[in-house]
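# Any chance you can model this:
(chains A and B)
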Amino acid sequence: MVLLTRKIEFAASHLYHNPDFSLEENRRVFGKCNNPHGHGHNYTLEVTVAGEPDPVTGMVLDLKDLKEILEREVMQRMDHRFLNYEVPELAGQIPTCENIARVIWQLLDPKIKQGKLHRVRLYETPDLFADCYRNGAEGVKVS
Amino acid sequence: MSPGAQNGAVKIELGRRYRFAASHRLHSPDLSEEENCRIYGKCNNPYGHGHNYVVEVLVSGKVDPATGMIANLADLDGFVEREVLEPFDHKSLNEDVAAFHATVPTTENLCIEIFRRLKPFPNAKLERIRVQETSNNSFEYAGDNPEGFER
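Numbering: from 1, shown residues only, chains lettered A, B, ... in the order given. So this is what the prediction gives:
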């Protein structure tokens, strides 16, 4: 088994606000991230695919194909967008690192035909990231 | 918030990096002076030396649909600040941290000590700790978590 990772960067804005919370509660729970006009980050996404190298090409999957999938599924959807309002997959969710990583996983998983998606790591800043894996035997229900 | 905010078919971990600067000296009282010098080399210098350590903390849990979070960063930051950064930053690990009075403060042992200190974090499950001693050396510890290194 070999792991292959490709990295891309995109810039996007977001804000954290739960309409079910009071204004005070939103401010207390989300702090500066609750600023109503939003704020932005340079996100770094690392996508790792696991598989056996093809005996003929020596590749787990063709990086060109992965690049195109990332361009179509992630860059076109999220780059230079306001995540709360412009990404339908995030509608009704707080666009935290955890939720964005999961949405990216859900977008990429069915598109990767060679090898298997192993990990999605999304950095919101160099010091904050979320990792998404296929769920193991932990008993979290499949939605 | 929509049911999509549940974890679903994936496992999600939150990673956060922290930094502290500290000194240490690698010296074992069970070894002779020559052995200490041979094994630890420059790290055995009697006056110690320091590093800018980077600590990566990974926690897992259910993403709360109301907040979109595994754990509120303010809570995690406060816990790490209290348990690790405040007692370690700008300290001598050998002299100022009781755990290293009788244990050599290698970064392997530092990982284990930091894991022990952060394990009780109440709001999420501690998965593993990675400590970078320099940009070329890093160490990881996952306790007895059988999945810890399969990621």
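# and residue B:42, what does it touch?
residue B:49 (C-beta atoms under 8 Å, 6 or more residues apart in numbering or on different chains). For glycine as for every other residue, the C-beta is placed from the backbone atoms N, C-alpha and C.
# What are the phi and psi values at residue A:108?
phi -80, psi -40 (degrees, to the nearest 10).
# Is it in contact with residue A:119, as I believe?
No. Here residue A:108 lies out of contact with residue A:119, judged by C-beta atoms under 8 Å, at a distance of 10.7 Å.
# If you count contacts, what does the helix or strand hosting residue A:102 end up packed against?
Secondary structure assignment for residue A:102, by DSSP states H and E: helix A:97-108. Using 3 or more C-beta pairs under 8 Å, 6 or more residues apart in numbering or on different chains; DSSP states H and E as the contact criterion, the elements in contact with helix A:97-108 are strand A:39-51, strand A:116-125, strand A:128-134, strand B:10-24.
# Export that helix to PDB, keeping only CA atoms.
Output in PDB follows, covering the C-alpha atoms of helix A:97-108 (Å, rounded to 0.1, in the frame of the first residue of the first chain):
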ATOM      1  CA  CYS A  97     -12.600  23.300   9.500                       C
ATOM      2  CA  GLU A  98     -14.300  20.000  10.700                       C
ATOM      3  CA  ASN A  99     -17.400  20.500   8.500                       C
ATOM      4  CA  ILE A 100     -15.500  21.800   5.400                       C
ATOM      5  CA  ALA A 101     -13.100  18.800   5.600                       C
ATOM      6  CA  ARG A 102     -16.100  16.500   5.800                       C
ATOM      7  CA  VAL A 103     -17.900  18.100   2.800                       C
ATOM      8  CA  ILE A 104     -14.600  17.900   0.800                       C
ATOM      9  CA  TRP A 105     -14.400  14.200   1.700                       C
ATOM     10  CA  GLN A 106     -17.900  13.600   0.500                       C
ATOM     11  CA  LEU A 107     -17.300  15.500  -2.700                       C
ATOM     12  CA  LEU A 108     -14.000  13.700  -3.500                       C
END
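# what stretches of the chain score poorly on pLDDT?
If you meant another chain, say so; for now it's chain A. Within chain A, the stretches falling below the threshold (pLDDT under 70) are A:136-143.
# Hmm, no, I was thinking of chain B.
By pLDDT under 70, the low-scoring segments of chain B are B:1-8, B:145-151.
# now the helices for it?
For chain B, applying DSSP state H gives helices covering B:33-40, B:73-80, B:86-88, B:93-96, B:107-118.
# follow-up on the earlier one: ranking the helices and strands packed on helix A:97-108 by burial, who's on top?
Ranked by average neighbour count under the criterion mean count of other C-beta atoms under 10 Å in any protein chain shown, these are headed by strand A:128-134 at a mean of 22.
# Contacts for that strand next, please.
Counting contacts by C-beta under 8 Å, 6+ apart, the residues outside strand A:128-134 that touch it are A:96-98, A:100-102, A:104-105, A:116-124, B:9-17, B:58, B:70, B:73, B:151.
# strand partners of it, parallel vs antiparallel please.
Its sheet considered, strand A:128-134 pairs with strand A:116-125 (antiparallel), strand B:10-24 (antiparallel) by DSSP bridges.
# Could you tell me which residues of chain A lie near chain B?
If contact is defined as C-beta under 8 Å from any C-beta of the partner chain, the residues of chain A in contact with chain B are A:16, A:18, A:20-21, A:29-31, A:89, A:91-99, A:101-102, A:105-106, A:119, A:121, A:126-136, A:138, A:140-143.
# ok, the residue in chain A positioned nearest to chain B to residue A:24 distance?
Evaluated by C-beta to the nearest C-beta, chain A has residue A:94 as its residue closest to chain B, separated by 2.9 Å. For residue A:94, the distance to residue A:24 (C-beta to C-beta, to the nearest Å) stands at 17 Å.
# The residue of chain B found nearest chain A: how many residues sit nearby?
Across chain B, the shortest distance to chain A (C-beta to the nearest C-beta) belongs to residue B:68, at 2.9 Å. Neighbourhood size, residue B:68 [other C-beta atoms under 10 Å in any protein chain shown]: 22.
# coming back round to it: now the residue of chain A closest to chain B. Nearest residue, chain neighbours left out?
Spatial nearest neighbour of residue A:94, excluding adjacent residues (C-beta to C-beta, 6 or more residues apart in numbering or on different chains): residue B:68 at 2.9 Å.
# do the same with residue A:131
Across the structure, with C-beta to C-beta, 6+ apart as the measure, the residue nearest residue A:131 apart from its sequence neighbours is residue B:13 (4.3 Å).
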